[in-house]
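Asks: A structural model of the following input is requested.
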Amino acid sequence: MSWVNELARPEIVALKPYEHASWEPSLERLHANELPWRGADDDSDAGLNRYPEPQPRALVERLAQIYSVPSACVLVGRGSDEAIDLLTRGFCRAGRDAILVCPPTFGMYSVCARIQGAEVVQVPLRAADGFALDADAVLDRCVPGVKLLFLCSPNNPTGNLLDEAKMVRLAGRLAGRALVVVDEAYLEFADRPSLARRIAELPNLAILRTLSKAYGLAGARCGALIADPQVIALLRKVIPPYAITQLTLEAVLRRLTPAALADSRARLTVLLAERQRLLTALPRLQRITRVWPTDANFVLAEFDDAGAALALGRDAGLLVRDARGYPGLGRALRITVGTPEQNSRLLEAWG
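Replies: Now for the predicted structure:
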């Protein structure tokens, strides 16, 4: 039996997946109970009267090229959120298994676990050390029931990269015991290569990527899980057969052409310059007591009165994220780096 089958829920290992209508675009479709005519205002490439291709090959191959991995290592879904849900449902038995998270961090890991009925084990990041990963404490708490370890790097909401050597060490130590899932949603804003390059030697390492941030496709809802082909094959049993809509597919492929990617890189250059402007300007404001370093597209700052700062931002027509609900961040707000005009307006409102 493979290591994935040993780790995954036995019900999923034994599951016979839904058999969707076969995908043979060279033939006319009379096998999927679709309406044979397009709508009068349907200007899509393939026609919205037809079901889209399950796990669209063109998109899988394009993302594999962008992320420098084999296409067999890519599962496309509705943002990173769907991949988090699939992993939890594929590996955690309700009432028996657990995930491990390192707060303060992205809340969907815990939400998906609790929906599934899995326990959530917490090992906080070391706030005094810039929200560093406590690898030894993680290993101590990774009891046999922990099937998934979620690590976010750069971390949301703190913005810091986690130590790569520690994450690799954890994957090595937890081989055969747990899947180490590294969420790289913000990696395009950091000066570090993806850990996806280590999957061949560490098959229990899985990577989350998204097109929502650097590629400007949050509304399209498209992301990818990069993992060992055995993990991908298991989760293809669980994912709905038509997860990516035809409109999403066409919009995403347009944003992944060479010309569109060049445009994304140009905008990224502007955003990184604006991030540095905020990192320089925010600590000079009297109402701000601390600004943390960041490798993401946001800045975490502590205020003498976070509620008042929120109100001032709203008065200027701007929303920032209230981070006070995260452990250890009782006076913090998370500021997404905006356009130069938006950033100037926010600084003026808080000045």
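
Asks: how about the strands in this structure?
Replies: For the chain, the strands defined by DSSP state E cover 74-77, 98-101, 119-122, 146-152, 179-183, 205-210, 223-226, 288-291, 298-303, 321-322, 332-336.

Asks: so which of those gets nearest Gly313?
Replies: Among those, strand 332-336 comes nearest to Gly313, with 8.3 Å by Cβ to Cβ. Where you see a C-beta, it was placed from the backbone N, CA and C, and this is true even at glycine.

Asks: quick one: mean pLDDT over that closest one.
Replies: Mean pLDDT, computed over strand 332-336, is 98.

Asks: okay, angle between that strand and strand 298-303 too, please.
Replies: 150 degrees (axes from the mean of the first three to the mean of the last three Cα atoms, to 10 degrees).

Asks: chain center to strand 332-336, what's the gap?
Replies: Relative to the chain's own centre, strand 332-336 is displaced by 19 Å; criterion: Cα atoms, centre = their mean, to the nearest Å.

Asks: what residues does it touch?
Replies: For strand 332-336, contacts defined as Cβ atoms under 8 Å, 6 or more residues apart in numbering pick out 157, 278, 282, 297-303, 306, 309-310, 320-324, 326, 346.

Asks: just the buried ones from those, in ChimeraX syntax?
Replies: Per 16 or more other Cβ atoms under 10 Å, the buried members of these correspond to this ChimeraX selection:
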select :157,278,282,297,298,299,300,301,302,303,306,309,310,320,323,326,346
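
Asks: end-to-end on stretch 250-260?
Replies: Stretch 250-260 has an end-to-end distance of 13 Å (criterion: Cα to Cα, to the nearest Å).

Asks: hmm, who's touching it?
Replies: Applying Cβ under 8 Å, 6+ apart, the contact partners of stretch 250-260 are 44-46, 58-59, 62-63, 66, 211, 215-217, 220, 222, 264.

Asks: in PyMOL, select just the buried ones from those.
Replies: Selecting the buried subset of the contacts of stretch 250-260 in PyMOL, with 16+ other Cβ under 10 Å as the burial test, is done by:
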select buried, resi 44+46+59+62+63+211+215+217+220+222+264
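
Asks: quick one: which of the contacts of stretch 250-260 is nearest Lys16?
Replies: Nearest to Lys16 out of these is Leu59 (Cβ to Cβ; 25.7 Å).

Asks: now the closest one: how far from Leu217?
Replies: Plainly put, Leu59 is 12 Å away from Leu217 if you go by Cβ to Cβ, to the nearest Å.

Asks: try Pro36
Replies: Here the distance between Pro36 and Leu217 works out to 31 Å (Cβ to Cβ).

Asks: what do you get for Val60?
Replies: Note on Val60: its distance to Leu217, by Cβ to Cβ, is 16 Å.

Asks: read off the pLDDT value for the nearest residue to Ser110 once chain neighbours are set aside.
Replies: Leaving aside its chain neighbours, Ser110 sits nearest to Val120 (4.8 Å; criterion: Cβ to Cβ, 6 or more residues apart in numbering). Per-residue pLDDT puts Val120 at 98.

Asks: got phi/psi on Leu30?
Replies: Per-residue torsions, Leu30: phi -130, psi 30 (degrees, to the nearest 10).

Asks: what angle do the lengthiest helix in the chain and strand 298-303 make?
Replies: If you go by DSSP state H, the chain has its longest helix at helix 258-281. Helix 258-281 and strand 298-303 are oriented at 20 degrees to each other (the same axes, to 10 degrees).

Asks: which residues of the stretch 1-150 of the chain score low on pLDDT?
Replies: Where the stretch 1-150 of the chain drops to pLDDT under 70, the residues are 1.

Asks: and if we set it to 90?
Replies: Along the stretch 1-150 of the chain, segments meeting pLDDT under 90 span 1, 18-22, 25-26, 30.

Asks: would you map the helices across it?
Replies: Applying DSSP state H, counting those that start in this stretch to the stretch 1-150 of the chain gives helices spanning 3-7, 10-14, 57-67, 79-91, 108-116, 135-141.

Asks: dump these into JSON lines; add distance to Arg334 as well.
Replies: JSON lines is the format used below for the helices of the stretch 1-150 of the chain (distance: least, Cβ to Cβ, whole Å):
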{"stretch": "helix 3-7", "distance to Arg334": "34"}
{"stretch": "helix 10-14", "distance to Arg334": "35"}
{"stretch": "helix 57-67", "distance to Arg334": "26"}
{"stretch": "helix 79-91", "distance to Arg334": "17"}
{"stretch": "helix 108-116", "distance to Arg334": "16"}
{"stretch": "helix 135-141", "distance to Arg334": "24"}
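
Asks: right, so of those helices, which gets closest to Asn204?
Replies: Of all those, it is helix 3-7 that lies closest to Asn204, at 7.3 Å by Cβ to Cβ.
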